[in-house]
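Peer 1: Below are the sequence and a predicted model for it; my questions follow.
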Amino acid sequence: MNFGLKNKRFFKFIFILSLGALGFVCIIITAFGSVWTEWDYKVLDRFYRLAAASGRGPSSSSEIVYLLITDDSYRYFKKNILDRKDLAGINRALSALDPEAVAYDIIFARESSPDADLEFTHSIGQLGSAFLPVGLEYSSSKKPFKWESGSAYQRFKNEYLKNPEERGASRPYYAIRALMQADDFSTVAYNSGHISAFSDPDGVYRHAILLLKVEERFFPALALSLFLDYAGVSLDEIIVEWGRRIVIPAKKGNNLENDVIIPIDDRGRAFIPFTAAWETDFKKMEAHLLVKHFENIDLRGNLIEFFEGKHVFVGDVSVGISDLGQTPLEADVPLIAIHTALFNGMLTNTFYSEWHLRPVLGVIVFVGVFLGSAALPKSSWFLYIGGLVGFLGIFGLTWWQMLHFRLLPVVTVGGSAIFILFILIAGLQIAVSRDRAFIKNAFSRYISEKVVDELMAKPEL
């Protein structure tokens, strides 16, 4: 391997090649408007799964538990529908176990039998801190919201919509219509939040919309609403820095020791910090087991230990009813996991931030300079080895950033490196071929073609 440098006249050529390749890449990325592509997220999913499986993802808070309505629950109650009388029994049992809050991932939009609804309404009131969600249909552009009559809409408008402090240019999603809880249930619920799910273009649930705009005010996601209540912070006290972060400030008088920071994009979306696969993320209990064990005085102590002071997320995960989706960690996950993962991220102050345009361009420029420097030695092996080292460095940086809860667009950076490397290799090959052809033509006038070929065969003439 020749450790000397190429002829000086190649230096300028390599500089122009590197600068041109870098300039082209930077212009394309800037014109595209984002450093993120679908393939960046697909590759990062693999890193994410590895980090979670090795215990290096977000930690799971012990303050979150699931209460799940399963196929066995329907068999226990001997029903094929959710009877509100059975749900009332579940609520009464929960209220005796003193949970911190109970958040339903179910919308009770229609009335059932009057006596069942009345019983369920009373049980919601007994819980004290029951959160009943709203489903919102939304648009990427500003559109009027479809208001309807009823106390649920009235409370939604007067109590739930707020104006947080905003900074920076925003492009929020706009709610256009709602699926509300029935009026009686909405009236006795402690609070609410939206459970509108958002999937990436490839159908994977990686991001969640934390704030939806309703005309000129905002409505929080269920997890955010639940956390703000737990922290003693009003929605209009938070700071929304569009394209950067949501800051939930720690102030005198609330329950936070430190500011909670949630990185968001300019649409109010946060990367969902799933902690683990569905089976192992948080403690779970089936709803019928709660009712069954609550009737046994000897088992109530175990139930108190399980539910007391906890945030209980109630959802229906029975076959054919549960909303399922794919997450970065696995397929066919009940979407209630989105709300628990977001809430857990707020409890632990652990969210993933995504690299923005300028830092990514900085890494690409560094890689381009590194590859250009590797092209200077006479031996082409330096450039090839430099390319290999560069790719290993990009993957190593991606993994290191993942462990520090920062997401690097690995395909964008890696693809840019491949392009720059290809331009350097192809450009140098063409330049060397032309140089050799020129020398051969010049010398062939004076010496035999065989001698010229022998001279040209010597390395890096």
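Peer 2: Looks like it arrived, so ask away.

Peer 1: Next, find the distance separating the spatially closest residue to residue 93 that is not a sequence neighbour from residue 120.
Peer 2: The shortest distance from residue 93 to any residue other than its chain neighbours is 4.2 Å, reached at residue 294 (C-beta to C-beta, 6 or more residues apart in numbering). Just so you know, the C-beta spots here come from the backbone N, C-alpha and C atoms, and that holds for glycine as well. Distance, residue 294 to residue 120, by C-beta to C-beta, to the nearest Å: 17 Å.

Peer 1: The two: which is more packed in?
Peer 2: It is residue 120, of residue 294 and residue 120, that has more neighbours when counted by other C-beta atoms under 10 Å, with 26 against 18.

Peer 1: secondary structure element for the more buried one?
Peer 2: For residue 120, the host element (DSSP states H and E) is helix 114-127.

Peer 1: Restricting to C-alpha, output that helix in PDB.
Peer 2: Extracted as PDB, the C-alpha positions of helix 114-127 are listed here (Å, rounded to 0.1, in the frame of the first residue of the first chain):
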ATOM      1  CA  PRO A 114     -81.700   3.900  31.700                       C
ATOM      2  CA  ASP A 115     -81.000   2.000  34.900                       C
ATOM      3  CA  ALA A 116     -77.600   0.700  33.600                       C
ATOM      4  CA  ASP A 117     -76.600   4.200  32.500                       C
ATOM      5  CA  LEU A 118     -77.700   5.700  35.800                       C
ATOM      6  CA  GLU A 119     -75.700   3.100  37.700                       C
ATOM      7  CA  PHE A 120     -72.600   3.700  35.600                       C
ATOM      8  CA  THR A 121     -73.000   7.500  36.000                       C
ATOM      9  CA  HIS A 122     -73.000   7.200  39.800                       C
ATOM     10  CA  SER A 123     -69.900   4.900  39.700                       C
ATOM     11  CA  ILE A 124     -68.000   7.400  37.600                       C
ATOM     12  CA  GLY A 125     -68.700  10.000  40.200                       C
ATOM     13  CA  GLN A 126     -67.500   7.700  42.900                       C
ATOM     14  CA  LEU A 127     -64.100   7.300  41.300                       C
END
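
Peer 1: what does that helix rub up against?
Peer 2: 83-85, 87-92, 94-95, 99, 102, 108, 111, 130, 132, 182, 184-185, 187-190 (C-beta atoms under 8 Å, 6 or more residues apart in numbering).

Peer 1: ok, 6 Å please
Peer 2: 84, 85, 87, 88, 91, 92, 95, 102, 111, 130, 184, 188 (C-beta atoms under 6 Å, 6 or more residues apart in numbering).

Peer 1: which among those residues end up buried?
Peer 2: Among the contacts of helix 114-127, the ones that count as buried by 16 or more other C-beta atoms under 10 Å are 84, 85, 87, 88, 91, 92, 95, 102, 130, 184, 188.

Peer 1: possible to save these as a markdown table with distance to residue 280 and pLDDT?
Peer 2: Formatted as a markdown table, the buried ones among the contacts of helix 114-127 follow (distance: C-beta to C-beta, whole Å; pLDDT from 0 to 100):
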| residue | distance to residue 280 | pLDDT |
| --- | --- | --- |
| 84 | 32 | 94 |
| 85 | 33 | 94 |
| 87 | 27 | 96 |
| 88 | 31 | 96 |
| 91 | 27 | 96 |
| 92 | 30 | 95 |
| 95 | 29 | 95 |
| 102 | 23 | 97 |
| 130 | 27 | 96 |
| 184 | 38 | 95 |
| 188 | 35 | 96 |
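
Peer 1: Helices - which of these land there?
Peer 2: 84, 85, 87, 88, 91, 92, 95, 184, 188 (DSSP state H).

Peer 1: Could you check how far the fifth one is from residue 114?
Peer 2: What it means is residue 91. 18 Å.

Peer 1: can I assume residue 181 sits in a helix?
Peer 2: No - counting by DSSP: H, G, I helix; E, B strand; the rest coil, residue 181 is not part of a helix but coil.

Peer 1: okay, now it: neighbour count?
Peer 2: Residues near residue 181, counting by other C-beta under 10 Å: 25.

Peer 1: Burial check on the nearest residue to it once chain neighbours are set aside, number of neighbours?
Peer 2: In space, and not counting its chain neighbours, residue 181 is closest to residue 132: 4.7 Å by C-beta to C-beta, 6+ apart. Here the count is done by other C-beta under 10 Å, and residue 132 has 24 residues near it.

Peer 1: Offset the numbering so it begins at 39, please.
Peer 2: From this message on, residue numbering opens at 39, which makes the last subject residue 170.

Peer 1: Now do the contacts for residue 170.
Peer 2: Counting by C-beta under 6 Å, 6+ apart, residue 170 has contacts 142, 219, 223, 227, 230.

Peer 1: Residue 83 touches residue 366, doesn't it?
Peer 2: Yes - the criterion here is C-beta atoms under 6 Å, and residue 83 meets it with residue 366 at 4.2 Å.

Peer 1: These two: which has the busier surroundings?
Peer 2: residue 366 (20 against 17).

Peer 1: where does that one fall, helix, sheet strand or coil?
Peer 2: Under three-state DSSP, the three-state class of residue 366 is coil.

Peer 1: any idea how far it is from residue 452?
Peer 2: 19 Å.

Peer 1: was I right about residue 251 contacting residue 210?
Peer 2: Yes - counting by C-beta under 6 Å, residue 210 is a contact partner of residue 251 at 4.3 Å.

Peer 1: Count the neighbours of the closest residue to residue 127 other than its chain neighbours for me.
Peer 2: Take residue 127 and drop its neighbours on the chain: the residue closest to it by C-beta to C-beta, 6+ apart is residue 329, 5.6 Å away. Neighbourhood size, residue 329 [other C-beta under 10 Å]: 17.

Peer 1: what's residue 329 sitting at in phi/psi?
Peer 2: Note on residue 329: backbone dihedrals following degrees, to the nearest 10 are phi -60, psi -40.

Peer 1: And for residue 378?
Peer 2: Backbone dihedrals for residue 378, given as degrees, to the nearest 10, come out at phi -70, psi -40.

Peer 1: Report the contact partners of it.
Peer 2: Taking C-beta under 6 Å, 6+ apart as the test, what residue 378 contacts is 102, 320, 351.

Peer 1: Tabulate those residues in a markdown table, adding columns for pLDDT, distance to residue 286 and neighbour count.
Peer 2: Output for those, formatted as a markdown table (pLDDT from 0 to 100; distance: C-beta to C-beta, whole Å; neighbours: other C-beta atoms under 10 Å):
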| residue | pLDDT | distance to residue 286 | neighbour count |
| --- | --- | --- | --- |
| 102 | 98 | 18 | 22 |
| 320 | 96 | 22 | 22 |
| 351 | 98 | 20 | 26 |
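
Peer 1: Mind checking which of the residues you listed are in strands?
Peer 2: Members of the contacts of residue 378 lying in strands (criterion: DSSP state E): 102, 351.

Peer 1: still on that earlier bit, and the helix holding residue 158, average pLDDT?
Peer 2: Averaged over helix 152-165, pLDDT sits at 95.

Peer 1: what does stretch 384-398 give?
Peer 2: 96.

Peer 1: Flag every buried residue along that stretch.
Peer 2: 384, 385, 386, 388, 389, 390, 391, 392, 393, 398.
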